[in-house]
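# coords below, sequence missing:
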């Protein structure tokens, strides 16, 4: 879910709610919960730490990227921007992991949004974790691989201002269906590996420190094809009503958070008799644009994008800045 909540409370969480920190996210190194500290102590020398923390990052493709067939186009986009895969593995992100991933931001997300994200994560396909090497390096870019990818990824909430972002290139049209998550900085990377892969942490850290190789480059494509073969494609658009049947979510649906939550719960339960991914798309449309319910416990650090709340506070509030909270 972390991945799905990207953007809640800010661009940090892949959806506007300050959850890309997951995407999007504490900004801490994991010392309080142990997830980051243990990961950082597992067998890295100086060279390995440099590769893994400064020159490497990861992208996690969510179930909607699998059924929407966005994995391969995303990898092509990333390669064109200097990010080469060095390995991949699949993993499950359940509701508990999602909430831990966005521990410090999820408090700002409406419950209806959280449940819509739960529907996506519980839909069947696993997530695909892809370790990436920034071939341009910090000497050329002036920043870490994680920070550069976080900027390139783009917001799933403020899509109109992210002209050259990965999410825009993939056709992200709904905040909850944002396809992927990536850590915002090296501290997030360490913490999130510990949260996402507690039993496979060493495997994931080894991938991040691995050398670029033909095998590592090919691995995510091979895993994507396996996932495609197991999970039918979906256009990720609302199904057209057939005959005289009513559209499941008519225009003008009440924006009351409790009513929306009840509607999403109905969709999750399958009471409409619609296919699962049709119901997920309807739920994502229903909660689109729902405002946050407060400020995240910890917001994002200053960023280069003007949509980052802390950047906004220092530069003056542009139009729509409040929507990033």
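Good, I have the coordinates. Keep in mind that what you see is a predicted model, and the values were worked out from it rather than measured. Numbering: from 1, shown residues only.
# right, and the helix or strand after the longest helix anywhere in the chain?
Across the chain, the longest stretch assigned as helix under DSSP state H is helix 214-230. Counting by DSSP states H and E, the next helix or strand C-terminal to helix 214-230 is helix 257-269.
# what mean pLDDT does that next one have?
Mean pLDDT, computed over helix 257-269, is 94.
# Tell me how far that helix lies from the chain's centre.
23 Å (Cα atoms, centre = their mean, to the nearest Å).
# Please shift the residue numbers so they start at 571 in all later answers.
Got it, the first residue is 571 from now on, which makes the last one we talked about helix 827-839.
# Please work out which residues outside the very next helix or strand once past it touch it.
Next helix or strand after helix 827-839 toward the C-terminus (DSSP H and E): helix 846-857. By Cβ atoms under 8 Å, 6 or more residues apart in numbering, the list of residues contacting helix 846-857 from outside reads 634, 637, 680, 682-683, 685-686, 689-690, 693-694, 744-747, 804, 806-809, 818-819, 823, 830, 833-834, 837-838, 840, 842, 844. (C-beta placed from N, C-alpha, C; glycine too.)
# Pull out the buried members of those residues.
With burial judged by 16 or more other Cβ atoms under 10 Å, the buried subset of those is 634, 637, 680, 682-683, 685-686, 689-690, 693, 744-747, 804, 806, 809, 818-819, 830, 833-834, 837-838.
# how about stretch 629-642: buried residues?
Per 16+ other Cβ under 10 Å, stretch 629-642 contains these buried residues: 629-641.
# Kindly report the same for stretch 854-868.
For stretch 854-868, by 16+ other Cβ under 10 Å, it's 854-858, 860, 862, 866, 868.
# Let's have those in a markdown table, adding distance to residue 712 and pLDDT.
Listed next are the buried residues of stretch 854-868 as a markdown table, based on distance: Cβ to Cβ, whole Å; pLDDT from 0 to 100:
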| residue | distance to residue 712 | pLDDT |
| --- | --- | --- |
| 854 | 36 | 96 |
| 855 | 40 | 95 |
| 856 | 42 | 94 |
| 857 | 38 | 94 |
| 858 | 36 | 93 |
| 860 | 37 | 90 |
| 862 | 32 | 86 |
| 866 | 28 | 79 |
| 868 | 25 | 74 |
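# Show me which of those residues is closest to residue 771.
Proximity of the buried residues of stretch 854-868 to residue 771 (Cβ to Cβ) peaks at residue 868, which lies at 23.0 Å.
# Lovely, talk soon.
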